[in-house]
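Colleague: Fold the following for me, if possible:
(chains A and B)
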Amino acid sequence: MPAVSKGDGMRGLAVFISDIRNCKSKEAEIKRINKELANIRSKFKGDKALDGYSKKKYVCKLLFIFLLGHDIDFGHMEAVNLLSSNRYTEKQIGYLFISVLVNSNSELIRLINNAIKNDLASRNPTFMGLALHCIANVGSREMAEAFAGEIPKILVAGDTMDSVKQSAALCLLRLYRTSPDLVPMGDWTSRVVHLLNDQHLGVVTAATSLITTLAQKNPEEFKTSVSLAVSRLSRIVTSASTDLQDYTYYFVPAPWLSVKLLRLLQCYPPPEDPAVRGRLTECLETILNKAQEPPKSKKVQHSNAKNAVLFEAISLIIHHDSEPNLLVRACNQLGQFLQHRETNLRYLALESMCTLASSEFSHEAVKTHIETVINALKTERDVSVRQRAVDLLYAMCDRSNAQQIVAEMLNYLETADYSIREEIVLKVAILAEKYAVDYTWYVDTILNLIRIAGDYVSEEVWYRVIQIVINRDDVQGYAAKTVFEALQAPACHENLVKVGGYILGEFGNLIAGDPRSSPLIQFNLLHSKFHLCSVPTRALLLSTYIKFVNLFPEIKTTIQDVLRSDSQLKNADVELQQRAVEYLRLSTIASTDILATVLEEMPPFPERESSILAKLKKKKGPGTVTDLEEIKKERSSDMNGSAEPASVNASAVSTPSPSADLLGLGAAPLTNSAPPPSSSGSLLVDVFSDSASAVAPLAPGSDDNFASPDLASSEVVSEEPADTVHDADELFHKFVCKNNGVLFENQLLQIGLKSEFRQNLGRMFIFYGNKTSTQFLNFTPTVICSDDLQPSLNLQTKPVDPTVDGGAQVQQVVNIECVSDFMEAPILNIQFRYGGTFQNLSVKLPITLNKFFQPTEMSSQDFFQRWKQLSNPKQEVQNIFKAKHPMDAEITKAKIIGFGSALLEEVDPNPANFVGAGIIHTKTTQIGCLLRLEPNLQAQMYRLTLRTSKEAVSQRLCELLSEQF
Amino acid sequence: MIKAILIFNNHGKPRLSKFYQRYSEDTQQQIIRETFHLVSKRDENVCNFLEGGLLIGGSDNKLIYRHYATLYFVFCVDSSESELGILDLIQVFVETLDKCFENVCELDLIFHVDKVHNILAEMVMGGMVLETNMNEIVTQIDAQNKLEKSEAGLAGAPARAVSAVKNMNLPEIPRNINIGDISIKVPNLPTFK
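Modeller: I've put the predicted structure just below:
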């Protein structure tokens, strides 16, 4: 008998559904739906009380309408009535409606919570199940507040039914995911771990999911789960396929549970206990062995289930990365799958091999499969698989095979799917740079890249090739020659024109000796592309021309003629017009010496992490949304810049377009006023942000010479950047031990902070107060992380309104995630226009490592035992320093607590000393920290000792805390 | 974690959508459309995994799907789930539907959305796999049906009588809709290459 009998059910509902299905057009369907919605609405509003059956019918109709994509904005109240009913059918529909159509109306949530509370207390397992499902599906903070305390009790109570236990475990997991702070750890945790031994495999599966998530955040608390998980796994793996009855799926014993257990074990390093470790190795070997046995069934489900376990086992082997023997076996197994006839397995094998390639034990073994992978790139029919192949080639690339891999990727790029071209371009650019021995190869590769996939070559890629050419003088001549040749092509990509223009502008002289590339030919070649290019490229070419004036005096008049033409001097675009006017003037009045100084070759760029790598990381990482936001922000600031009534002279400073500063020319006459055009580490600008300061030395003394009418009226900046940073430093230290207060203040602007931190996450509210009665325009605060800081700290900000009225305050939220420990503080840069003047100031944002402290209480014995464990000289950092403030014990205590660690009383034998303990939470690890502060009242000195498991952390915490006393 | 479970037919008409992460109703519809667009253009014998669309979180998420006759079953999951495990879960889901509806077809899903939701709820809860044992799931559903029947027998009679009278003169009886050849034959499933 089927479990759902088709005959009964709600007739009205069935009629409605078939009406909809019979609608001939979209319009007719919408009409029918609107009619029904009106009908239901009137029924709900009508005086006559509806019986449960009718309510259920109407709620079902609403669900159906919702599924078709129509908004449902009523019916919640009726649904709540249904779920408060004592009848199962009505209750069930009520819960279903609420789970599908969640509503954040707080009054409603209160009623729902009430009903849930009743059902949880009902002791009726069916009702409890429905209630737990609802909590798990909605999972809102309100629900967590109401039930996070209750559910652990249900979970570990001895008399709870298995099915309820299962639901309770997953329900708790969901609440922990949404509001970890509301789920209290406690006695129940150890009892949850013992659920791994439960008779009922469904309970074990649910508990394993729960423990896996909890253990990621609290590894210590759940450490005992490792040995239990290993023994459970061992029992499953060695059982005959019939032992586990219903949990055997197509002859594979409990595959889901095995997968979950293997995942749980990936939260921990290899077990320390040799017995447990041996047993685990045995399990993994058994799983690998089973893969070689003939299949017990021809059904695809059998092999799927078996391989699901196998892939998870391989993940664990890779995660442990400690048994060379197992790693090589895993690699061989994956190698077999690379050629398997099932696409799914080839896909997964490529994916797993990517992680395997990073292990030192197996990197070489992975490399032996290079031909297979290249073949996959060429022959796979499925773009998902080809993409994995690209990833794997990227991962297995090293000096020995870079040329081959880059060539194959370039090859593939010509026919690659549009969706993955940009990523391949980035990868090729990175590999070419990373493994370039011969930089001519690098230049060739990038130019090829632009030729093949010019549209997908982002700014970062061509910025980077220019950086490298400028920094390496052995390749400059070759680069000039190559771009010159590439530009000969009748149709070349605009990106090539940019690279060509820049490189010839800098190094055109290196090939000018050859009559085939004489100065005039170079100029004519570039100028033949000029009219086909967009405004930013033309602007760049104009800069090239003025550089040519310096490099090749013999074609100066030709260039001046071009600059003087109406299409330049009267160009509708302000930027182009300004450049033409200024460059023309510059070439006319400046002496050769001055030209040579101003138009000197670009100084080398400071060595830094490739911005392309950062871009790829961002592209792959979770931060895609922030990317968009940043780009938007940048665009809006660009627009604000040009929306100003910018006269020709004013825009020299205010246009933050990246190309404007390419030659540093705009900045040179205005040294201290030109703000580095940076916006929160945004990549586009970041590449060149240092160039402005690199050019700065050119300017002193040359101001007068440049006092052409155009430039003389340029703006003056009132802020002295040096002062602000100094001021901020003192204030900055105040924030180490507190979270709220005023960060910065001058006669114009006040910046206040409010922040809260929890584990490795934090949120900071920045309040900008305009102290004047005049509007601030173009108000752009940006948070900047240095390249060193960026991988360790994730900051997300929303742009603020660019106008701040007099006396008004605007607020900006910064979401903070600490990924790993870090030293520096991010910089808050604020630019705005007050009256006619441009203001630019920077302050350090007090996001310091200690903000991610969680205090830990411990006994004296514990403390000293741990203290001794951290006795490695690298783990300890000590500082002896003079007291800067009166030595008051109460204030000192408050500061240590404010610092974030627990203050441990009666631990140190000397009562005058202070000791503290805590854990620094980062996304990747948790670092236990112990500290001891010994005051010496007579000498007015302190001795501060920090011990943590990580040297850099000890160092940083010691620095931060030393400033406090 | 499973972010969403979507079922739609070959024309992109949604037959079930269940989101375990909060999205606005508008976004939910867009995600369904985007997912349909991504999945439907793929050939029959390519692999069953692909990177998720932008709306649902981009490449951090995977779409794992199976195509049965007229319906696509798509699970959107994050990196903590085993791809093959989810693929098997879809199979268990479909086999369970088949047991509960007896030769399940698209129409069953249309006319019994609430039942499908109930069956799914026995398998997946708050985005995590709750139960994978088909017999256990079917037992739970059976128990629910018994409860339903007993309640219907006690108090549902009057209401059912009323609705029966109301519908007496219907020109067309919905159960007679031409089902055609859209039934899903689970017992002889196409094997996946």
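Colleague: going forward, measure contacts and count neighbours with C-alpha atoms only.
Modeller: Fine.
Colleague: Now for the residue lying closest to residue A:318 once chain neighbours are set aside: which residues touch it?
Modeller: Leaving aside its sequence neighbours, residue A:318 sits nearest to residue A:356 (Cα to Cα, 6 or more residues apart in numbering or on different chains; 6.1 Å). By Cα atoms under 8 Å, 6 or more residues apart in numbering or on different chains, the contact list for residue A:356 reads A:318, A:331, A:362, A:363, A:366.
Colleague: Kindly indicate which of those lies nearest chain B.
Modeller: Within the contacts of residue A:356, proximity to chain B (Cα to the nearest Cα) peaks at residue A:318, which comes in at 15.5 Å.
Colleague: That closest one - how many residues pack around it?
Modeller: A count of nearby residues for residue A:318, using other Cα atoms under 10 Å in any protein chain shown, gives 26.
Colleague: Next up, the contacts around it.
Modeller: Residue A:318 touches A:327, A:355, A:356, A:359, counting by Cα under 8 Å, 6+ apart.
Colleague: That one: which element?
Modeller: Using DSSP states H and E, residue A:318 sits within helix A:300-320.
Colleague: Buried residues in that helix, which are they?
Modeller: Buried residues in helix A:300-320, counted by 16 or more other Cα atoms under 10 Å in any protein chain shown: A:300-320.
Colleague: How many neighbouring residues does residue B:43 have?
Modeller: Applying other Cα under 10 Å, we find 10 residues neighbouring residue B:43.
Colleague: how far away is it from residue A:377?
Modeller: Noted for residue B:43: a distance of 18 Å to residue A:377, by Cα to Cα, to the nearest Å.
Colleague: Is there proximity between stretch A:297-304 and chain B?
Modeller: Yes: applying Cα under 8 Å from any Cα of the partner chain, one finds stretch A:297-304 touching chain B at A:299, A:300, A:301, A:304.
Colleague: go on, stretch A:334-344?
Modeller: Yes: remark: stretch A:334-344 sits within contact range of chain B at A:341, A:342, A:343, A:344, by Cα under 8 Å from any Cα.
Colleague: got a winner among those for most neighbours?
Modeller: residue A:343 (23 neighbours).
Colleague: wait, it sits on residue B:46?
Modeller: Yes: with contact defined as Cα atoms under 8 Å, residue A:343 reaches residue B:46; the gap is 6.2 Å.
Colleague: neighbours around residue A:908, how many?
Modeller: Residue A:908: 15 surrounding residues under other Cα under 10 Å.
Colleague: now do the one 3 residues further on
Modeller: Around residue A:911 sit 11 other residues, with neighbours defined as other Cα under 10 Å.
Colleague: before we move on, what SS does residue A:779 have?
Modeller: strand (DSSP: H, G, I helix; E, B strand; the rest coil).
Colleague: Pull the contacting residues for it.
Modeller: By Cα under 8 Å, 6+ apart, residue A:779 lies in contact with A:800, A:801, A:802, A:803, A:804, A:830, A:831, A:832, A:833.
Colleague: Please apply the same query to residue A:10.
Modeller: The contact partners of residue A:10, taken as Cα under 8 Å, 6+ apart, are residue A:57.
Colleague: and residue A:927, helix, strand or coil?
Modeller: Assigned with three-state DSSP, residue A:927 falls in the strand class.
Colleague: quick one: it from chain B, how far?
Modeller: Residue A:927 is 24 Å from chain B, where distance means Cα to the nearest Cα, to the nearest Å.
Colleague: try residue A:541
Modeller: According to Cα to the nearest Cα, residue A:541 and chain B sit 37 Å apart.
Colleague: can you count the residues close to residue A:485?
Modeller: By other Cα under 10 Å, 12 other residues sit near residue A:485.
Colleague: which parts of the stretch 351-500 of chain A sit against chain B?
Modeller: Near chain B, when you scan the stretch 351-500 of chain A using Cα under 8 Å from any Cα, you find A:381, A:382, A:384, A:385.
Colleague: what does the helix or strand harbouring the last one contact?
Modeller: To tie it back to what came earlier, the one meant is residue A:385. Secondary structure assignment for residue A:385, by DSSP H and E: helix A:383-396. Among residues not part of helix A:383-396, those counted as contacts by Cα under 8 Å, 6+ apart are A:343, A:346-347, A:350-351, A:353-355, A:357-358, A:363, A:366-367, A:370, A:373-374, A:376-377, A:380, A:405, A:409, A:417, A:420, A:424, A:427, A:431, B:47, B:49-51.
Colleague: Apply 7 Å and report the result again.
Modeller: The set of residues external to helix A:383-396 that reach it, using Cα atoms under 7 Å, 6 or more residues apart in numbering or on different chains, is A:347, A:350-351, A:353-354, A:357, A:366-367, A:373, A:376-377, A:380, A:405, A:427, B:50.
Colleague: cool, stretch A:282-296 as well?
Modeller: A:234, A:237, A:251, A:310, A:313.
Colleague: at 8 Å instead, please
Modeller: Residues beyond stretch A:282-296 that count as contacts (Cα under 8 Å, 6+ apart) turn out to be A:233-234, A:237-238, A:251, A:302-303, A:306-307, A:309-310, A:313, A:326, A:329-330, A:333.
Colleague: Show me which pair in these is furthest apart.
Modeller: Farthest-apart pair in those is A:251 and A:326; separation 25.2 Å (Cα to Cα).
Colleague: which stretches of chain B form strands?
Modeller: For chain B, the strands defined by DSSP state E occupy B:2-9, B:14-19, B:49-51, B:62-68, B:71-77, B:124-125, B:128-129.
Colleague: Can you lay out those as CSV showing mean neighbour count?
Modeller: Converted to CSV, the strands of chain B look like this (neighbours: other Cα atoms under 10 Å in any protein chain shown):
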stretch, mean neighbour count
strand B:2-9, 22
strand B:14-19, 21
strand B:49-51, 21
strand B:62-68, 22
strand B:71-77, 24
strand B:124-125, 24
strand B:128-129, 22
